[in-house]
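**Student:** Using only what follows, build the 3D model:
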Amino acid sequence: MKRSIRNRIQNYALYGSMLVILPGMVAVNGCSGAHQLFSGGGAGHSRKAEAVVRIVWPVREPSRLIPVASNSIRITISGPDGFSVTKVIARPATDALFSNLPPGELSVTAAAHPDSLGLTLPAQAQGAQTVVATADEQFQLALTLDSTIDRVEVTGSPAGLDVGTSGSYSVTAKNAAGQVVLTAASKWVWSVSDASLASVTPNGLTALVTALRPGSVIVSAREAESGKVITHALAVKDPFAATRAALNIDPDHLDNYASPTFPVHFDATVQRAENTPANSPVTDKGATLGRVLFFDKRLSFNDTVACASCHAPGNGFVDSAQFSRGYDGEITTAHAMRLANIRYYTGASMFWDKRAVSVEAQSTQPIQNDVEMGFQAAHGGFGALTAKMDQLAYYPELFKWVFGDAVITEARVQQVLAQFERAMVSVNSKFDTGFSQVFNPGQAGGGVNRPFPNYTTQEERGKTLFLTAPAQGGAGCVTCHSIPTFSLDPRSLSNGLDAGETKIFKSPSLKSVGVTGPYMHDGRFATLLQVVQHYNSGIQNGPALDNRLKTPQGNPLRLNLTVADQNALVAFLMTLTDDVLNVDPKFQNPFK
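**Tutor:** Below you'll find the model as predicted:
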């Protein structure tokens, strides 16, 4: 700056309301409490004053937050008679020269903004001082800025987290007017009060918090320069609290339903012949929920019976009684069907009378039956059941776990019940052990006609009768009951239980058929021997009789088996019992 050499540059700094005098400066109080500066030889000149305003950032102390380094600073000097002049400097510059300032009381204000010269974003720091300037003076003013941050908030959504889920949390600084003040991302340090309950992955102004164990944890954001800490309380919840309280199920350690180990004779050809929908394969989660539904008596109108009441695992998933008792004690009109290997029936029908088109459709009909489980239309139908299930705390938890939300519908109930039923694959009978020892995919029937090393002579004879056509002296059972699943050929017609029969009945797989009787859709036969005797000499003619049970002349087939051969067939059928499946813990009652 060009000034007379006899004029000394006056330097002083203002901090708050205190005037700090630099070397060679004298200060006295002027009017109205303003600070007035005099220097030797300066008084009496009529020329304008000149000033250099130097911006100084706040002193770092724990009670203050240092904002992000601003990009621009607006400095305004106002004086008498409406005088005002403004300059904008860009960081990192700190000084601004003001010329032609009128003598008298001057107000100096400055505001630091995070945007470049546009000054459109709220200020991060600001300061103001009043000074009395004397004519023809040159001086320096050090103006200290204070942070505009009035408060800092940590927000997150949601405020509570389930174990295994994550939530995003962020830190926000605001001024007294509630406007957001930008802060430097690098200045924030995130932490949680208990690392065993939650983990935190920081990312500047945001952090991802992952819930690990139930409990209460504090999420903290600390400003590194000031040391100021902002906290946010977070409740980590067990999403399966009700499930764990009611059931012996650990959602974190599931049983294997989706990927069972199959013996060698359950090859690709066998696996292709099944009824699982492409859009609903068996899953561990789905089958687990299906298991809960299968054993829950609360799915009946008065909490007295469940699916498992008529399909008991210990009985080979069937009822040992001829007819089952429903929710109010009334007797059903058909014998319960075994469920093992239900996935391998390829016909588009379920139940003895084939009234359901799929395992899914079959699964909820007993629930809505007025004899079996009681949620028929008169009792509100399936809608009344879903409303009831909504009030059982473990069901919203489990449905959300399986489907992503807690909505309970009949279609979802059908889906998971069907998954549980399809998971009941029988592969551990004596038959399966023997077949796996001789299996040869290059031989007819995989070599099933070869002697089984684990069979007795009687069992081997029964197997031969089962596999051999009647014309060759056998019983020909295999033509309707396919090896190795023993599921019914979907083309099968009537088995001639009654003369003139027109109705076609479906039968379940023969696996575990020997665990308990009775047999047939009406449970008319108490023993397997009686069943064999029916096919040996008791088949009745009728319009629906299967051609495989007729002679070439159209008469009912008579096998004329000896008593020994009939007993051998029974012995073979007993080798189909799967004691592993029937006691497998993952198919047992999960309720405590």
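**Student:** So what are the structural domains in this protein, by residue number?
**Tutor:** With domains defined by automatic domain parsing, the chain comprises 10-147, 151-238, 268-422, 430-576.
**Student:** for the shortest one, how far is the first residue from the last?
**Tutor:** Read it as domain 151-238. One end of domain 151-238 to the other measures 33 Å (Cα to Cα, to the nearest Å).
**Student:** backbone phi and psi for residue 524, please?
**Tutor:** phi -70, psi -20 (degrees, to the nearest 10).
**Student:** Tell me how far it lies from residue 244.
**Tutor:** 46 Å (Cβ to Cβ, to the nearest Å). The C-beta positions use only the backbone N, C-alpha and C, and glycine is treated the same way.
**Student:** What helix or strand is the most centrally placed residue in the chain located in?
**Tutor:** In the chain, the residue lying closest to the centroid (Cα atoms, centre = their mean) is residue 401, at 4.6 Å. Using DSSP states H and E, residue 401 falls within helix 394-403.
**Student:** Can you list the helices and strands that that helix packs against?
**Tutor:** helix 241-246, helix 284-295, helix 410-422 (3 or more Cβ pairs under 8 Å, 6 or more residues apart in numbering; DSSP states H and E).
**Student:** list the contacts for residue 374?
**Tutor:** By Cβ atoms under 8 Å, 6 or more residues apart in numbering, the residues touching residue 374 are 300-302, 326-328.
**Student:** Which one of those is nearest to residue 218?
**Tutor:** Set against residue 218, the nearest of the contacts of residue 374 by Cβ to Cβ is residue 300 (46.6 Å).
**Student:** Just read off the phi/psi values of that closest one.
**Tutor:** Torsion angles, degrees, to the nearest 10, at residue 300: phi -100, psi 160.
**Student:** So it versus residue 108, what's the distance?
**Tutor:** Taking Cβ to Cβ, one finds residue 300 at 84 Å from residue 108.
**Student:** How about residue 439?
**Tutor:** Using Cβ to Cβ, residue 439 is found at 97 Å from residue 108.
**Student:** Tell me the one among the contacts of residue 374 nearest to residue 192.
**Tutor:** residue 300 (46.1 Å).
**Student:** Over stretch 86-100, what's the mean pLDDT, rounded is fine.
**Tutor:** Mean pLDDT, stretch 86-100: 90.
**Student:** ugh, wrong one, stretch 301-309
**Tutor:** Here the average pLDDT along stretch 301-309 is 97.
**Student:** which residues sit against that stretch?
**Tutor:** Contacts of stretch 301-309 (Cβ under 8 Å, 6+ apart): 293-297, 299-300, 319, 324-328, 366, 372-375, 379, 417, 589.
**Student:** Now with 7 Å, please.
**Tutor:** If you take Cβ atoms under 7 Å, 6 or more residues apart in numbering as the criterion, stretch 301-309 is touched by 294-297, 299-300, 326-327, 366, 373-375, 379, 589.
**Student:** Return the residues in contact with the closest residue to residue 285 other than its chain neighbours.
**Tutor:** Of all residues not flanking residue 285 in the chain, residue 402 sits nearest, at 4.8 Å (Cβ to Cβ, 6 or more residues apart in numbering). When contacts are counted by Cβ under 7 Å, 6+ apart, residue 402 touches 285-286, 289, 416.
**Student:** 10 Å instead?
**Tutor:** 251, 283-290, 412, 415-416, 419 (Cβ atoms under 10 Å, 6 or more residues apart in numbering).
**Student:** Take the domains of the chain and lay them out in TSV including distance to residue 257.
**Tutor:** Listed next are the domains of the chain as TSV, based on distance: least, Cβ to Cβ, whole Å:
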stretch	distance to residue 257
domain 10-147	54
domain 151-238	20
domain 268-422	4
domain 430-576	18
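**Student:** Now residue 389: phi and psi?
**Tutor:** The phi and psi values for residue 389, taken as degrees, to the nearest 10, are phi -70, psi -30.
**Student:** Apologies, that question was intended for residue 528.
**Tutor:** According to degrees, to the nearest 10, residue 528 has phi -70, psi -30.
**Student:** just residue 50 next, same as before
**Tutor:** With angles defined as degrees, to the nearest 10, residue 50 sits at phi -140, psi 140.
**Student:** go on, the one 5 residues further on?
**Tutor:** Listed backbone geometry of residue 55 is phi -90, psi 130, with angles given as degrees, to the nearest 10.
**Student:** Could you tell me the per-residue confidence at it?
**Tutor:** We have a pLDDT of 88 for residue 55.
**Student:** got it, and residue 127?
**Tutor:** Looking at residue 127, the pLDDT reads 93.
**Student:** In a helix, it, correct?
**Tutor:** No - Residue 127 is assigned strand when assessed by DSSP: H, G, I helix; E, B strand; the rest coil, not a helix.
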